[in-house]
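In: Sharing a sequence plus its predicted fold:
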Amino acid sequence: MEKKYDVIIVGSGVGGLFCALSLPEEKNILVISKDALEGCDSFLAQGGICMLRDEADYDAYFEDTMRAGHYENRKESVEIMIRSSQDIIKDLESYGVEFEKKNGEFVFTKEGAHSNNRILFHEDITGKEITSKLLQRAQERKNITLMAHTTMVDWVCKDNVCYGIVVADMDGKTTAIQGDVTVLACGGLGGVYPHSTNYRHISGDALALAMYHNVRLENCDYVQIHPTTLFSNQGGRSFLISESVRGEGAVLRDKDGNRFTDELQPRDVVSKAIFNQMEKDGTDHVWLDFSPIPKDEILNHFPNIYARCKQAGYDPLESWVPVVPAQHYFMGGIYVDKNSKTTMEQLYAVGETSCNGVHGRNRLASNSLLESLVFAKRAAQDIVNTKSFKIAEDFDNLVNMDGYEDLPSIMENYHAMVVGEIKKEENLRAKKEAM
Ligand SMILES: Cc1cc2nc3c(=O)[nH]c(=O)nc-3n(C[C@H](O)[C@H](O)[C@H](O)COP(=O)(O)OP(=O)(O)OC[C@H]3O[C@@H](n4cnc5c(N)ncnc54)[C@H](O)[C@@H]3O)c2cc1C
């Protein structure tokens, strides 16, 4: 492994890969992933990615994003995201990403809390389509080194400047790697929850390091619970049943088959309605009824969801499917400005790890792939525009490599720190709101 790169990117999801591809080919870039390169939530995204259709939809798209976020969103970030969306989709198409089209025109779908159809999709595997194409393009680039099963365990920093990271390989062997710039694209924190749609290894490591090195965090208690995951007693990652299923007409039913809520309200509202209904009925799930959706639409738009439900013993064409809410998305994170800069010099954060304020208190469906891509590109542009970087002449002395012998305990401690921070923020907010 080389020990010096221009840019180190931690994470091989859409945020990390798009940032790498948006940097010039003269930059020597390292992208690492804790798991396989494909082991990221970006591959799991089903529903789609939002795009501003035309000027006439701007105000409604802005309002939908703000309303879902309880008007706590940073308006400037929302505006940047929406205004950049058409260019981002053009970039994706130039990398070979295909979206559903009819007669050469985009087909748009709708999800909960959207007042208009503005979501592009590729069957129900939009994330896989986007991320696999970005990964292929990154693998073709000679200036990008991709390393799987390589875990960031610390940052090498001094006086609030980041000079690189410490990584561990699968055998626990640690190495310090120097970088002019480090970009955190480590995804969310679902791994610290018992029930989550996220990969188990995506567990907020970068947040713990931010706490440890005094980098500003924001809204760590803003955790989104997705209303509809396939109910199972078997443990492991919860399988998501995309919101676009409800967008296309599926309805929720209680134990007696009655509808109990408007299925197209924001996620937090629908999740709350489901939890209330489960408590009232004394059940551990409610039912999702696909029957209002035409059969062809179920088979063509949602082939993977259909197959997975069938595999679990529920044929959506014949019967209702049991669903339950689970942790899904993290709106808070490492505080960043509009160019994805953290409060530590030479350290950026993009994607779900970061908090640029786009989502406010609650994310609008299909805004997160877009947000990750928009702000990853802005990070790349900001890196390019930076004239010079501070270099640590004493890099090898900045970190004590003997301190990483008990890695499992270190990682366990990181996860406990993340859980503690969420709880602390929740309590503080509850106290404030009660005053
Ligand atoms: C089931 C599911 C469905 C979704 N559907 C949609 C959708 O339809 N539309 C939408 O917009 N969004 C959707 N989302 C959300 C969206 O997929 C994510 O928010 C987005 O992909 C996050 O991208 P990312 O690049 O920030 O992180 P990820 O894609 O999660 O990648 C994180 C990367 O960081 C690496 N990593 C983490 N910690 C370390 C470490 N310590 N060292 C090294 N590497 C590390 C991981 O290995 C991984 O490579 C969905 C999410 C899920 C889970």
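Out: Good, I have the coordinates. Numbering: from 1, shown residues only.

In: Nearest the geometric middle of the chain, what residue?
Out: The centroid of the chain falls nearest to E352 when counting by CA atoms, centre = their mean (4.1 Å).

In: Help me confirm that it is found in a strand?
Out: No. Counting by DSSP: H, G, I helix; E, B strand; the rest coil, E352 is not found in a strand; it is helix.

In: ok, it - contacts?
Out: 15, 41, 187-188, 329-330, 333, 368, 372 (CB atoms under 8 Å, 6 or more residues apart in numbering). Bear in mind the C-beta positions are built from the backbone N, C-alpha and C, glycine included.

In: The residues you listed in helices, which ones?
Out: Judged by DSSP state H, helices contain the following of the contacts of E352: 15, 368, 372.

In: Of those, which are in range of the ligand?
Out: For the ligand, the contacts drawn from the ones in helices among the contacts of E352 by CB under 6 Å from any ligand atom are 15, 368, 372.

In: List buried residues within these.
Out: 15, 368, 372 (16 or more other CB atoms under 10 Å).

In: Tell me who's in contact with A208.
Out: 413-415, 417-418.

In: That one in helix, strand or coil?
Out: helix.

In: Per-residue confidence, the residue lying closest to it once chain neighbours are set aside, what does it come out as?
Out: By the measure of CB to CB, 6 or more residues apart in numbering, the closest residue to A208 outside its immediate chain neighbours is Y414, 3.5 Å from it. Looking at Y414, its pLDDT reads 97.

In: which stretches of the stretch 301-435 of the chain form strands?
Out: 321-330, 333-335, 347-349, 354-355 (DSSP state E, counting those that start in this stretch).

In: wait, which of the ones you listed is closest to the ligand?
Out: strand 321-330 (5.7 Å; CB to the nearest ligand atom).

In: got the contact list for the closest one?
Out: Contacts of strand 321-330 (CB under 8 Å, 6+ apart): 188-190, 193, 195-198, 204, 222-231, 238, 240-241, 252, 267, 271, 274-275, 278, 284-288, 290, 309, 314, 352, 363, 368.

In: Tell me which of those residues fall in strands.
Out: Judged by DSSP state E, those include 223-230, 252, 286-288 as members of strands.

In: so which pair among those is furthest apart in space?
Out: By the measure CB to CB, V223 and W287 form the most distant pair in the ones in strands among the contacts of strand 321-330, at 25.2 Å.

In: More neighbours: these two, which one.
Out: V223 (23 against 18; other CB atoms under 10 Å).

In: which residues touch the more buried one?
Out: So V223 contacts 189, 327, 329-332, 422 (CB under 8 Å, 6+ apart).

In: could you pick out which of the residues you listed are near the ligand?
Out: Y329.

In: Up against the ligand, what does the stretch 51-200 of the chain have?
Out: Counting by CB under 6 Å from any ligand atom, the stretch 51-200 of the chain sits next to the ligand at 126-127, 151-152, 185-187, 197-198.

In: hang on, the earlier thing: the closest residue to the residue nearest to the centre of the chain other than its chain neighbours - how many residues pack around it?
Out: The shortest distance from E352 to any non-neighbouring residue, by CB to CB, 6+ apart, is to G188 (4.1 Å). By other CB under 10 Å, the residues close to G188 number 30.

In: which residue does the stretch 101-250 of the chain bring closest to the ligand?
Out: G187 (2.6 Å).

In: correct me, but H359 touches M331?
Out: Yes. With contact defined as CB atoms under 8 Å, H359 counts as touching M331 (4.2 Å).

In: Pull the number of nearby residues for Q311.
Out: 10.

In: again with Q178
Out: There are 20 residues near Q178, going by other CB under 10 Å.

In: do R216 as well
Out: 12.

In: How about N160?
Out: The burial count for N160: 14, using other CB under 10 Å.

In: Alpha carbons of stretch 249-264, as PDB, please.
Out: Provided in PDB are the C-alpha atoms of stretch 249-264 (Å, rounded to 0.1, in the frame of the first residue of the first chain):
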ATOM      1  CA  GLY A 249     -51.200   3.200  -4.500                       C
ATOM      2  CA  ALA A 250     -50.500   0.500  -1.900                       C
ATOM      3  CA  VAL A 251     -52.400   1.100   1.400                       C
ATOM      4  CA  LEU A 252     -51.800   0.200   5.100                       C
ATOM      5  CA  ARG A 253     -54.200  -1.900   7.000                       C
ATOM      6  CA  ASP A 254     -54.600  -2.800  10.700                       C
ATOM      7  CA  LYS A 255     -55.300  -6.300  12.100                       C
ATOM      8  CA  ASP A 256     -58.900  -6.000  11.100                       C
ATOM      9  CA  GLY A 257     -58.100  -4.900   7.600                       C
ATOM     10  CA  ASN A 258     -59.100  -1.200   8.200                       C
ATOM     11  CA  ARG A 259     -57.000   1.700   6.800                       C
ATOM     12  CA  PHE A 260     -55.800   3.900   9.700                       C
ATOM     13  CA  THR A 261     -53.700   6.700   8.200                       C
ATOM     14  CA  ASP A 262     -52.900   8.700   5.100                       C
ATOM     15  CA  GLU A 263     -50.000   6.600   3.600                       C
ATOM     16  CA  LEU A 264     -48.500   9.500   1.700                       C
END
